[in-house]
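Asker: what follows is a predicted protein model with its sequence.
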Protein chains: 2
Amino acid sequence: MAENKPQNVVLIGKKPAMAYVMAVMTQFGSGQNDVKIRARGRAISLAVDVAEIVRRKFNKDAKLKSIDIATEEIEMEGKGKRAFSTIEICLTK
Amino acid sequence: MAENKPQNVVLIGKKPAMAYVMAVMTQFGSGQNDVKIRARGRAISLAVDVAEIVRRKFNKDAKLKSIDIATEEIEMEGKGKRAFSTIEICLTK
């Protein structure tokens, strides 16, 4: 996951799904053709929910361009490194 | 998700990740070239963990063949239908 936050990326955290669905729709509305939904760890399930809600309810023209999974090692304070799974779902309109 | 359980499918539930990692490795060991890891709802994050652990630690030759996400409607007892996101990660050796 990049350190900076490019325009067309929605990073999934702990908010309700609809907050991220709206963020994706805002990106599409602002002229982005591709929107990347990124998450790690437990938020991965929510990332899939967000992509599915966008595709099924809000933008039926949106297509899955790619889905990638990977592992990221994160330095935990005083606990050494921990590996987290990550997902990036790219939707295209 | 199919009702029957084909040979090369590992369905992710509530066990620890390693239980499913071993199930995937057993499938590869029994001669399967492709193993499909399926999950729905909150178990999706665990499915990604399982795929990543297999690829990184147990079978470095295993490649991601495909990742699909979808939505499944499930009839809840007395609560009508609920939509669940699903994932299918296909690993190939």
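Answerer: Perfect, I can see it now.

Asker: what pLDDT does the residue of chain A positioned farthest from its centre get?
Answerer: Ranked by distance from the centre of chain A (C-alpha atoms, centre = their mean), the top residue is A:G78, with 28.4 Å. We note a pLDDT of 86 for A:G78 in this prediction.

Asker: equivalent analysis for A:I87, please.
Answerer: Taking A:I87 on its own, its pLDDT is 98.

Asker: hmm, B:V48 and it touching each other?
Answerer: Yes: taking contacts as C-beta atoms under 8 Å, A:I87 lies within contact range of B:V48: 6.0 Å. C-beta coordinates here come from the backbone N, C-alpha and C atoms, glycine included.

Asker: quick check on A:Q27: phi, psi?
Answerer: Backbone torsions of A:Q27, given as degrees, to the nearest 10, read phi -60, psi -50.

Asker: would you mind pulling the contact partners of the helix or strand harbouring A:S85?
Answerer: According to DSSP states H and E, A:S85 maps onto strand A:80-92. With contacts defined as C-beta atoms under 8 Å, 6 or more residues apart in numbering or on different chains, strand A:80-92 is touched by A:1, A:24, A:33-41, A:44, A:47-48, A:51, A:54-55, A:59, A:62-76, B:45, B:48-49, B:52, B:56, B:69.

Asker: mind listing what A:I67 touches?
Answerer: Residues near A:I67 by C-beta under 8 Å, 6+ apart: A:I87, A:E88, A:I89, A:C90, B:I67, B:D68, B:I69.

Asker: again, only this time at 7 Å
Answerer: A:I87, A:I89, B:I67, B:I69 (C-beta atoms under 7 Å, 6 or more residues apart in numbering or on different chains).
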